[in-house]
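Student: predicted model, plus sequence, below.
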Amino acid sequence: MNTEGDPREELLGLVRSLAERLRTDGEMGRALSYLVREQESVVAAAVEGSAAAEPAVGGLAALDGVREALGDCRRCLLHQTRHRLVFGEGNPQAELVFVGEAPGADEDAQGRPFVGSAGQLLTKIIGAMGLRREEVYICNILKCRPPGNRNPQPDEIAACEPFLIRQLLAIRPKVICALGTFAAHTLLKSEAPISVLRGRFHSYHGIPLMPTYHPAYLLRNPGAKKQVWEDVQMVMQALREERR
Ligand code: SF4
């Protein structure tokens, strides 16, 4: 497991990834170039070692800034059918971030992530890890519900992922847990089955990332709880090592 590394370098890796993505989007004519300028100024300040860069890249203020930038988002067609945008919730300085796929009906109605039956199971898993839900951060790849809970489309992921990256930049977690196939595929840029990806750590720009089954899958396949428990035990061990 590669958990070692310079936190500044890891942070810069994330920022550069976002800047590159947004630069590409800008070339495609999307109106996101202001984000490129904003992130590039953060990179420049961080590279220069300016203390002034720190408040811009971490903490509650930075997370609030991401929410403000998202606004009443209409960057993809999902805004037409959503009831509530589901940004994410939890500790803005969480050591552990769970990333799921997209809001479902309950989340769309309440504007909060993982509040339906799958969310209740996730809350139980977090409790079994010795943590409270408020101690971690929970969000999704997409902030708006796909109609009928259909699979996210590539253009929707492309439009929404920059804001997930900015959330992770703001929180700076020690470990990320990707819940389900789409979260794992999007974050790892892999198409391998979740059954192959789970059970070991991957690196997300230097941050250890554990893919595991989505709680909704566990509700349909309770036999997979054993594997999820194995995965989250490795997450707990990684967090213990990070605290030493
Ligand atoms: S899914 Fe993301 S990009 Fe699409 S409208 Fe919602 S917040 Fe915007």
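Tutor: On my side now, so go ahead.
Student: is it correct that residue 116 is in contact with residue 108?
Tutor: No: using CB atoms under 8 Å, residue 116 is not in contact with residue 108, being 9.8 Å away. The C-beta positions use only the backbone N, C-alpha and C, and glycine is treated the same way.
Student: please enumerate the shared neighbours of these two.
Tutor: Here residue 116 and residue 108 have no joint contacts, going by CB atoms under 8 Å, 6 or more residues apart in numbering.
Student: now do the strands in this protein.
Tutor: Along the chain, counting by DSSP state E, strands occupy 89-90, 96-100, 137-140, 175-179, 202-204, 207-212.
Student: including mean neighbour count, mean pLDDT and distance to the ligand, could those strands go into a markdown table?
Tutor: Formatted as a markdown table, the strands of the chain follow (neighbours: other CB atoms under 10 Å; pLDDT from 0 to 100; distance: least, CB to the nearest ligand atom, whole Å):
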| stretch | mean neighbour count | mean pLDDT | distance to the ligand |
| --- | --- | --- | --- |
| strand 89-90 | 19 | 98 | 15 |
| strand 96-100 | 27 | 98 | 13 |
| strand 137-140 | 26 | 98 | 9 |
| strand 175-179 | 27 | 98 | 17 |
| strand 202-204 | 18 | 97 | 20 |
| strand 207-212 | 25 | 98 | 21 |
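Student: what's the closest non-adjacent residue to residue 84?
Tutor: Leaving aside its chain neighbours, residue 84 sits nearest to residue 111 (3.5 Å; criterion: CB to CB, 6 or more residues apart in numbering).
Student: what about residue 141, neighbour count?
Tutor: Residue 141 has 24 neighbours, counted by other CB atoms under 10 Å.
Student: I meant residue 150, not that one.
Tutor: Residue 150: 9 surrounding residues under other CB under 10 Å.
Student: and it, what pLDDT?
Tutor: Listed pLDDT for residue 150 reads 95.
Student: measure it to residue 101 for me?
Tutor: Note on residue 150: its distance to residue 101, by CB to CB, to the nearest Å, is 11 Å.
Student: contacts only, for the spatially most central residue of the chain.
Tutor: In the chain, the C-alpha nearest the mean C-alpha coordinate belongs to residue 99, at 4.3 Å (CA atoms, centre = their mean). Contact analysis of residue 99 by CB under 8 Å, 6+ apart lists 139-141, 164, 176-179, 183, 187.
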